[in-house]
Structure formats: C-alpha cells, structure tokens
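Undergrad: here are the coordinates; sequence isn't available:
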Ligand SMILES: Cc1cc2nc3c(=O)[nH]c(=O)nc-3n(C[C@H](O)[C@H](O)[C@H](O)COP(=O)(O)O)c2cc1C
Ligand code: SF4
C-alpha cells in the first residue's frame, strides 16, 4: 500500500491518510459572513472524496481583520450554527476539519470601509483585543464541533507581520528582537490553548520565506520560530511562503494570468503593471513540492511534531518520496482539490497518479474578483 494511504496520528486525532486540504478562501460565505449551503456542500464533497484533514477557508476573528467580502466570520456567536452545519456534514462523510483563524492586517478589502490594525500602529490595548479575539474564536470553533484550529501566521497577515523584521519596526515588547516579534504568536497560542480541550488540534501555518524586498522571514529565521513552536508543543506545523500583499505569486507558484490580473486595475495603470508581472513570472515558476526544501531545514528542530509542507504537490511519486524521505509527514494541497475534490479517492482507486491542475492560477485571481472560487482553467467570467 502507498504510504499516502497509511493512517497518521495528528495530536489526539487519527487521520485516515496523509492528504490535507490546505486552507482555501472560497468566497462562499454570504456578505454577512455566514456560511452558505454551497460552502457546506463543498466541504462535505471533499470529505466524501476521502481527504484526511480539511483546513477551512481563512476565517476572520475580528471585524477589523476581514480580508475579502465573502469571507466566513467567526467573531459573533451567530456564526456558530452555520459553522456547525459544516463540521457535521464533514464528520458525516468520515472527514476531519479544523478552522483556520486569521486576522488580515495589511491585506484588507477596502470596499468594507473598515480600517485594519497595522503592525506598527497597534497600541497595546488593541494587541490585547486581537489576542482575545483569537481566543473567543477558538471557543466558537469548539462549540461548532471543529476538530481544532489552525492559526494563520503566514502570507503576510497580521501574525506574519509581527514575526517579520521587514514589516515589524516596533521597538517595544512586540518588536526589536526575535523573541519580541514572536510574542504575539506565543500569546495567541497560550490564549487559544486555554479554551481548547486536549482532544482538539492546535496547528500553525508559518511562512519560511516572505520574499519581501529586504529580508522578512527567511528560512533560517523560520527554523528559529519553528524551534519556539516545538517548545510550545503545537500539534502540527504547515510551512508555506510569500505574502498576499507584496509577493503573492510566491504563495501559489505557477503561471501569472496576466490579462485577468490586469483587468482588475484601472486601464491607465496597466502599462506600468504589465511589464512587472511578466518580469516576475520567471521567479515564480512552478516546481513540484516547492516548500519542501524549507521543510527539510525545519524538520530537525521539530522533534516529534508533525510537519506538513504545502505548495506544488502534483505527482503521486514525489508525494510518496517526500514522506518516505522524512521531509514531510502530510501532503497538503489546495489548487489540486479546487480542480478535483475527489482526487484522493481517484488516486486510491488507481484512476490517476497526478493532479490535472496546471497551476494557471485563475482560481487564485477569483478571490480578488469576489466570485466563487472554482477551477477556471478555461477562463474567468468577464
Ligand atoms: C483560491 C485560493 C485560496 C487560498 N486561500 C487560502 C487561505 O484562506 N488561507 C491560506 O493559508 N492559504 C490560502 N491559499 C494558499 C493555499 O493554502 C496553498 O498554500 C497554496 O495554494 C499552495 O499550494 P498548492 O500548490 O497545493 O495550491 C489559497 C490558495 C488559493 C489558490
Ligand atoms: S484554475 Fe484550475 S487549473 Fe488553474 S490553478 Fe486553479 S485549479 Fe488549477
């Protein structure tokens, strides 16, 4: 039997295989942040397709930390019933689901007209409010019967900003040294752990490279942060890279769909933007399992804590090799499951040995177009 279909113990939870659906903003929440039936159905289908662990779409823990208009919100008790319908549907189909909790920070959809907190202007009182917001969101996740939470500390959102010497220019207790930059994540872990029963997972998604103009998180800094996370005994670490605001194409390596991206900008600005996009294409070319090298650096400091690299898994052979080599414990994928929610089952049945996702990234552009995220390989709607 392929190693991919061997069970795996993650914290207190037994996963039936090594496949994880990495968090995926799907624009399937209503404008008030409540989940729609389509969001419930999407996750039930993934569970029925035998994905071992689903990480939910990025949920906002505070009104000022929203990212996109159709993002699920978890900052009021009113959200619990809809979220519970989703977890129950996943469980009925034999799946597991953790909620990804995040605070968008610098990346914020201005159409909401709300000011996000920004790392360098947040007063102590607001930092405390953010920590509390993560804690109450974790409590709601438990009430909604989630199998745990994943703290979104990657992709340039608020926690990543605190961790990054590029974004974080603070000189108080929350910046200026590695320990201080790590403080926000440490405090959020400690606050959320207090409300999570032992049986629930506490996972973290961390950048191993911010790809900012001057160094933010780099692989060697990520190793140090991973060491702190191992000491805090989290249940698992997912490693990614890139920041949505400044280095977005590193998050999702592949093709930059230039015409579709340009269509979102004012026509007058397009002539300046187009050459920059074309120039960037070379640096963000697709490669199989593109975060695995960073995972390999981090592995020695993680002890027994499971590690999962996300980014660019497309071929069963390379997935198996990465697990057999000890580079990653789980195979975390996003775009392949957008394209084929039943991919795991098809692999198990021997119907395919590779994802058919071409990494064209049109689904990624769909997030910012505020339309439902699905495979748009044949083109986005005009
Ligand atoms: C449409 C789309 C939505 C995404 N939404 C999230 C998200 O909510 N949270 C997150 O941490 N990453 C998000 N990502 C990044 C993925 O989780 C993953 O890190 C990235 O797509 C690389 O993996 P892949 O090659 O398997 O797609 C998203 C990616 C895509 C394409
Ligand atoms: S639009 Fe489809 S083929 Fe293109 S990256 Fe997304 S899932 Fe893959």
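TA: Thanks, I have the structure now. Quick caveat, the model's predicted, so the values are computed rather than measured. Ligands and ions are numbered 1, 2, ... in the order given.

Undergrad: the strands in the stretch 151-300 of the chain, which residues?
TA: 201-207, 236-240 (DSSP state E, counting those that start in this stretch).

Undergrad: nearest to ligand 2, out of these?
TA: Nearest of the strands of the stretch 151-300 of the chain to ligand 2, taken as CB to the nearest ligand atom: strand 236-240 at 16.1 Å. (Glycine included, C-beta is placed from N, CA and C.)

Undergrad: hmm, back to that, just the strands of the stretch 151-300 of the chain: most buried one?
TA: strand 236-240 (a mean of 27; mean count of other CB atoms under 10 Å).

Undergrad: in CSV: the strands of the stretch 151-300 of the chain, plus distance to residue 121 and mean pLDDT.
TA: Listed next are the strands of the stretch 151-300 of the chain as CSV, based on distance: least, CB to CB, whole Å; pLDDT from 0 to 100:
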stretch, distance to residue 121, mean pLDDT
strand 201-207, 22, 98
strand 236-240, 26, 98
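
Undergrad: redo these as a markdown table? Include distance to ligand 1.
TA: A markdown table is the format used below for these (distance: least, CB to the nearest ligand atom, whole Å):
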| stretch | distance to ligand 1 |
| --- | --- |
| strand 201-207 | 5 |
| strand 236-240 | 5 |
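
Undergrad: mind putting these into JSON lines with distance to residue 301?
TA: Converted to JSON lines, those look like this (distance: least, CB to CB, whole Å):
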{"stretch": "strand 201-207", "distance to residue 301": "12"}
{"stretch": "strand 236-240", "distance to residue 301": "10"}
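
Undergrad: any idea how far residue 262 is from the residue with the largest distance to the centre of the chain?
TA: In the chain, residue 268 marks the outermost C-alpha relative to the chain mean, sitting 33.3 Å out by CA atoms, centre = their mean. Taking CB to CB, to the nearest Å as the measure, residue 268 falls 12 Å from residue 262.

Undergrad: and residue 232, by the same measure?
TA: On the measure of CB to CB, residue 232 and residue 262 end up 43 Å apart.

Undergrad: can you pull the contacts of residue 247?
TA: 156, 210-212 (CB atoms under 8 Å, 6 or more residues apart in numbering).

Undergrad: do the same with residue 207
TA: Applying CB under 8 Å, 6+ apart, the residues near residue 207 are 153-156, 160, 163-164, 216-217, 222, 239-243.
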